[in-house]
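[1] model this:
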Amino acid sequence: MHCIRRIADDLLYVGGNDRRLAKFENLFPLPKGVSYNAYLMLDEKTVLLDTVDHAVADVFFENLREGLAGRTLDYVVVQHMEPDHAATLALLIERYPGVTVVCSAIAKKMIGQFFGEIPNLTVQTVCDGDTLAVGSRALTFVSAPMVHWPEVIVTYDPKGRTLFSADAFGTFGALGGNLYADEVDFEREWLPEARRYYANIVGKYGTQVQAMLRKIAHLPIERICSLHGPIWRKHVAWYMDKYHKWSAYEPEETGVLIVCGTVYGHTQNAAEALAGRLADRGARVALYDASVVDVGELLAETWRYSHIVLACATYNAGIFPAMETYLLDCKAHALQNRTFALLENGSWAPAAAAGIRKIIGEMKNTTMLEPPVNIRSTLRPEQAAELDALAAQIVPEMRNTSAPVLVNEAPMVDNNALFKVSYGLFVLTARDGAKDNGCIINTVNQITNMPNRFVVSVNKLNYTHDMMVKAGEFNISVLSRSVDFGLFQRFGYQSGRTADKFAGYAGAARAANGVLYLTENCNALISCKTVSTHDYDTHTLFVVDLTEARILNDEPSVTYDDYFTHIKPKPQPPEKAVKGFRCKICGYIYEADTLPDDYICPVCKHPASDFEPIGFEPAEAKKSKGFRCKICGYIYEGDTLPPDYICPVCKHPASDFEPVL
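    Below is the predicted model:
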């Protein structure tokens, strides 16, 4: 029996789940199984996005046959050649001999490596920016080398605003009927597995992940379809922000991870004594025994926390083996930007600390707190002060820094204080003849209930404002928390004077007044008729009577704070200026003035001939002067930035730009 799931009218889920596999890549335990996702697009041409592992081949081919419903398969996009996604590729070509394989040049080479000569093989190679017209859409391909193999591409569907992201944004865990991340408690039930997947599978390649994120930053993404785990259709920006943090090696949380390597329990006792002191100071603490907890889970928790305490016994004049394995794994995955502290135990010749310092010293941007706490066999009562001092170093005591109010202090206006006033968020829609339009507003308030009368404030720069003045009737769609940033891009980051905001948008219907309202991502409709208007410089205040009001669903309303906290993409730091040589295959950067002729890339093993110089600008080269978009990095060159300027890449306003010299 097939297990197809319909994502959209022309997009099907045709993958499967494996709950029997003990270890992913024969390394990482799978207590909750794993999904192998594949997607079938039904346009004028049929497009399969990736195949699956042999473990779910039967259900995959049954799903594919049912989904095609007698149609031929025109294309299979191979985004990633790892066998958990491409093991059934040769079987697919055998069953659908007319199919064209779309992949990167490196993937084409790998097809031969995995399968040898395949009869009827037709390959179309693509690279950054290439497109594939399949009917009502042209798929766009973005190269993503080393996320997490060198051949990887991701695919963007502009019609569905969908990113098919290969292994990026994936997670361990089999799908249990709920196909979408918003159908489960993702943060509680799935985020640990997503973090574990990222840290262990992708974590080493943070630089390459950052490069991919910059490439897709300008795309209006409303849906992410990864090759593992649930599909994202809401709160996409929240999950992308996790990837920004993880790939920049930024701690996800301020807290303390204690990893313990103990033989007889004495080192663990010291670790627990420190943990209690840290907790008393208000720290969030997690303590694990390196001999009991899988090293992959320890690595994921290391990605999570800002401070790591290593409580380690000396073993054979060195580091306790389980602790050494953990530290070497951290180093191999390029862990950075963490603060470490040490508890060392040694009965007669303590040596663990020296070995630990050596490994950590080989990691980038790490700090070691000194001095360590040195234990001889067992923690002595007189060492309590040492534990207190270490805890104080890790979590400095909070001090009352509040200053008295100065009565004669000159009054001031801090505009940031205004953001503490919370608002709802709404889509205001109006109609002028045959023209429909809408915009985002945040000021809708009820002022009387007999009759039901509201005030609505609208900026005069909005095209919808002019339509409201002319027509006198309009609708307000009350946005709910399911709303994603793509809707704000559609209705808030483009002008109705130059764009049809409802083009290709299916989530709307007409109210009794003939004006469109939103049927998706909102919980109520309010139709209004203008009673009077009041001019307030930049805005017009409309006093209105209600003509219709309906509840559409029971979802909570979204607030201005929700928008800034969970929906709007976080500004990303500008890319660090680097001088050196970049591998054209995987993106690895060797920072130096010269590259040795016999140099081999430590990531993809390609030679020096595959490197290109970066950052070697002529001394007389003039640096750009202007304003940088804090969201995507685009630079507007000029002495002044127009107040109504909109970023041509990510469509953010002038308020999201910062000056650069």
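[2] CA only for contacts and neighbour counts going forward, please
    Noted.
[3] quick one: the residue nearest the centre of the chain and residue 487, what's the gap?
    In the chain, the C-alpha closest to the average C-alpha coordinate belongs to residue 240, at a distance of 1.5 Å (Cα atoms, centre = their mean). For residue 240, the distance to residue 487 equals 16 Å [Cα to Cα, to the nearest Å].
[4] The nearest residue to residue 543 once chain neighbours are set aside bridge partners, please.
    Closest residue to residue 543 apart from its sequence neighbours, by Cα to Cα, 6 or more residues apart in numbering: residue 455 at 4.6 Å. Legend: beta-bridge partners of residue 455 under DSSP bridges are residue 445, residue 543.
[5] For residue 455, which residues are in contact?
    Contact partners of residue 455, counting by Cα atoms under 8 Å, 6 or more residues apart in numbering, are 443-447, 541-544.
[6] same thing but at 7 Å, please
    Listed by Cα atoms under 7 Å, 6 or more residues apart in numbering, the contact set of residue 455 reads 444-447, 541-544.
[7] Any of the residues you listed buried? List them.
    Buried members of the contacts of residue 455, counted by 16 or more other Cα atoms under 10 Å: 444, 541-544.
[8] can you redo those residues as JSON lines with pLDDT?
    Below are the buried ones among the contacts of residue 455 laid out as JSON lines (pLDDT from 0 to 100):
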{"residue": "444", "pLDDT": "92"}
{"residue": "541", "pLDDT": "94"}
{"residue": "542", "pLDDT": "95"}
{"residue": "543", "pLDDT": "94"}
{"residue": "544", "pLDDT": "92"}
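[9] Identify, from those, the entry nearest to residue 82.
    Distance to residue 82, by Cα to Cα, is smallest for residue 444 among these, at 52.3 Å.
[10] who touches the closest one in this structure?
    454-457.
[11] Please pick the buried ones from those residues.
    454-457.
[12] Out of these, which comes closest to residue 596?
    Nearest to residue 596 out of these is residue 457 (Cα to Cα; 64.3 Å).
[13] Just after the helix or strand hosting residue 509, pick out the following helix or strand.
    Element membership for residue 509, per DSSP states H and E: strand 508-510. Using DSSP H and E, the helix or strand that follows strand 508-510 in sequence is strand 516-518.
[14] and the longest helix for this structure?
    In the chain, taking DSSP state H as the definition, the longest helix is helix 266-280.
[15] what mean pLDDT does that helix have?
    Averaged across helix 266-280, pLDDT comes to 95.
[16] Other residues contacting the helix or strand of the chain with the lowest mean pLDDT?
    Least confident helix or strand of the chain, by mean pLDDT, DSSP states H and E, is strand 589-590 with a mean of 81. Strand 589-590 is contacted from outside by 580-583, using Cα under 7 Å, 6+ apart.
[17] What is the neighbour count of the closest residue in space to residue 324 that isn't next to it in sequence?
    Nearest in space to residue 324, with sequence neighbours left out and distances taken as Cα to Cα, 6+ apart, is residue 356 at 7.8 Å. Residues lying near residue 356 (other Cα atoms under 10 Å) number 20.
[18] helix, strand or coil for residue 356?
    Following DSSP: H, G, I helix; E, B strand; the rest coil, we place residue 356 in the helix state.
[19] Offset the numbering so it begins at 498, please.
    Yes, from this point I'll number from 498; that puts the last item at residue 853.
[20] Distance check, it against residue 566.
    For residue 853, the distance to residue 566 - Cα to Cα - is 60 Å.
[21] Please apply the same query to residue 1032.
    60 Å.
[22] so where's this structure uncertain?
    Across the chain, the ranges flagged by pLDDT under 70 are 894-919, 1068-1074, 1114-1121, 1129, 1158.
[23] top strand in it by residue count?
    For the chain, the longest strand by residue count, based on DSSP state E, is strand 1019-1033.
[24] Which neighbouring elements make contact with it?
    Using 3 or more Cα pairs under 7 Å, 6 or more residues apart in numbering; DSSP states H and E, the elements in contact with strand 1019-1033 are strand 970-976, strand 1036-1048.
[25] For residue 683, find the nearest of those strands.
    Proximity to residue 683 (Cα to Cα) singles out strand 970-976 among these, at 21.7 Å.
[26] which element follows the closest one toward the C-terminus?
    Following strand 970-976 in sequence, per DSSP H and E, is helix 982-989.
[27] any idea how far stretch 666-686 is from the chain center?
    15 Å (Cα atoms, centre = their mean, to the nearest Å).
[28] So for residue 1013, what's the nearest residue that isn't a sequence neighbour?
    Of all residues not flanking residue 1013 in the chain, residue 1007 sits nearest, at 4.3 Å (Cα to Cα, 6+ apart).
[29] One more: residue 1046?
    Residue 1046's closest residue in space is residue 1023 (Cα to Cα, 6+ apart), at 4.5 Å.
[30] Next: residue 1054.
    residue 977 (4.2 Å).
[31] if we can go back for a sec, could you give the angle of the longest strand of the chain to strand 1036-1048?
    160 degrees (axes from the mean of the first three to the mean of the last three Cα atoms, to 10 degrees).
[32] need the helices for the stretch 748-897 of the chain, in chain order.
    763-777, 792-801, 818-829, 849-858, 881-891 (DSSP state H, counting those that start in this stretch).
[33] which helices and strands sit right next to the last one?
    With contacts defined as 3+ Cα pairs under 7 Å, 6+ apart, the secondary structure elements packing on helix 881-891 are helix 763-777.
[34] if we go to 10 Å?
    helix 763-777, strand 802-812, strand 835-842, strand 870-872 (3 or more Cα pairs under 10 Å, 6 or more residues apart in numbering; DSSP states H and E).
[35] deepest of those, which one?
    Among these, the stretch with the highest mean neighbour count (mean count of other Cα atoms under 10 Å) is strand 802-812, at a mean of 25.
[36] Listing partners with orientation, what would you give for that one?
    strand 750-758 (parallel), strand 815-816 (antiparallel), strand 835-842 (parallel).
[37] would you list those strands in TSV and tack on distance to residue 516?
    Below are these laid out as TSV (distance: least, Cα to Cα, whole Å):
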stretch	distance to residue 516
strand 750-758	30
strand 815-816	36
strand 835-842	35
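[38] Surely residue 1066 is in a helix?
    No - using three-state DSSP, the assignment for residue 1066 is coil, not a helix.
[39] Please give me every residue in contact with the residue lying closest to it once chain neighbours are set aside.
    Excluding the flanking residues, the one nearest residue 1066 by Cα to Cα, 6+ apart is residue 734, at 5.4 Å. Counting by Cα atoms under 10 Å, 6 or more residues apart in numbering, residue 734 touches 718-719, 740, 981-983, 1062-1067.
[40] circling back: quick one: the residue nearest to residue 1046 and residue 1047 touch, right?
    Yes - assessed by Cα atoms under 10 Å, residue 1023 is found in contact with residue 1047 at 6.7 Å.
[41] Settle this for me: residue 579 is touching residue 607, isn't it.
    Yes - between residue 579 and residue 607 there is a contact under Cα under 10 Å: 9.3 Å.
[42] Now do the shared contacts for these two.
    Residues touching both residue 579 and residue 607 by Cα under 10 Å, 6+ apart: residue 648.
[43] Please say which of those two ends up with more neighbours.
    Per other Cα under 10 Å, whichever of residue 579 and residue 607 has more neighbours is residue 579, with 19 against 16.
[44] Please report how far that one lies from residue 550.
    Residue 579 is 9 Å from residue 550, by Cα to Cα.
[45] Buried by neighbour count: which residues of stretch 1147-1158 qualify?
    Under the neighbour-count criterion of 16+ other Cα under 10 Å, stretch 1147-1158 has 1147-1151, 1154, 1156 buried.
[46] any idea whether residue 965 is helix, strand or coil?
    helix.
[47] show me the contacts for it.
    925-929, 955, 971-972, 1026-1027, 1039.
[48] Report the buried members of these.
    By 16+ other Cα under 10 Å, these give 925-928, 955, 971-972, 1026-1027, 1039 as buried.
[49] would a markdown table of the residues you listed with distance to residue 822 be doable?
    Listed next are the buried ones among the contacts of residue 965 as a markdown table, based on distance: Cα to Cα, whole Å:
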| residue | distance to residue 822 |
| --- | --- |
| 925 | 58 |
| 926 | 60 |
| 927 | 63 |
| 928 | 66 |
| 955 | 60 |
| 971 | 65 |
| 972 | 62 |
| 1026 | 70 |
| 1027 | 70 |
| 1039 | 67 |
